[in-house]
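A.B. asks: Okay, predicted coordinates and the sequence, questions at the end:
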Amino acid sequence: MKNKKLILGIAAGAALLAGAAVVIARKRAKRNHQLDIENAKAHFRGKLNELQRKAQKEFKDTGSDVKEVVNAAKDRANEWVNSVNS
């Protein structure tokens, strides 16, 4: 009878430890997933900021190109008007 109680005690202890190990493993996995999510969010934010900077730079460059085209068209129009008036 004593051996039976000892075996049941060991089995119960092993089951308890296995249950605790499962709970701890789930918590670790959840924490790791949360860290992966945070890293992905930070990486995505960095990429979005980089894209925004590039878009703003292109917009500024395009603005100066448009001004040049408008000024060239204005100069041509003035030349045509002056040639017609002459």
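C.D. replies: Everything's here; your move.
A.B. asks: what residue ranges in the chain score low on pLDDT?
C.D. replies: Screening the chain residue by residue with the criterion pLDDT under 70, one finds the ranges 1, 85-86.
A.B. asks: Okay, Glu58 and Val70: tell me how far apart.
C.D. replies: Using CB to CB, to the nearest Å, one gets 18 Å for the distance from Glu58 to Val70. Backbone N, C-alpha and C define where each C-beta goes, glycine included.
A.B. asks: What about Ala20, how many residues nearby?
C.D. replies: In terms of burial, Ala20 registers 10 neighbours under the definition other CB atoms under 10 Å.
A.B. asks: again, but for Asp61
C.D. replies: Asp61: 10 neighbours (other CB under 10 Å).
A.B. asks: Ok, Val81 next?
C.D. replies: Val81: 10 surrounding residues under other CB under 10 Å.
A.B. asks: Report the contact partners of it.
C.D. replies: Neighbouring residues of Val81 by CB atoms under 8 Å, 6 or more residues apart in numbering: there are none.
A.B. asks: In three-state terms, label it for me.
C.D. replies: When states are read from DSSP: H, G, I helix; E, B strand; the rest coil, the local structure at Val81 comes out as helix.
A.B. asks: so how far is Trp80 from Ala73?
C.D. replies: Using CB to CB, we find Ala73 at a distance of 11 Å from Trp80.
A.B. asks: Which strand or helix spans the residue sitting nearest the centre point of the chain?
C.D. replies: For the chain, the residue nearest the mean C-alpha position is Phe44 (1.1 Å; CA atoms, centre = their mean). Phe44 is part of helix 2-85, with elements assigned from DSSP states H and E.
A.B. asks: Kindly export stretch 63-78 (C-alpha atoms) in CSV.
C.D. replies: What follows is the C-alpha trace of stretch 63-78 in CSV, where atoms were taken according to Å, rounded to 0.1, in the frame of the first residue of the first chain:
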residue,chain,number,x,y,z
GLY,A,63,7.2,71.6,-57.5
SER,A,64,10.4,73.2,-58.7
ASP,A,65,10.1,71.3,-62.0
VAL,A,66,6.6,72.5,-62.5
LYS,A,67,7.7,76.1,-61.8
GLU,A,68,10.4,75.8,-64.5
VAL,A,69,7.9,74.4,-67.0
VAL,A,70,5.4,77.2,-66.2
ASN,A,71,8.1,79.9,-66.5
ALA,A,72,9.3,78.4,-69.8
ALA,A,73,5.7,78.4,-71.1
LYS,A,74,5.2,82.0,-69.9
ASP,A,75,8.4,83.0,-71.7
ARG,A,76,7.3,81.4,-74.9
ALA,A,77,3.9,83.0,-74.7
ASN,A,78,5.6,86.4,-74.2
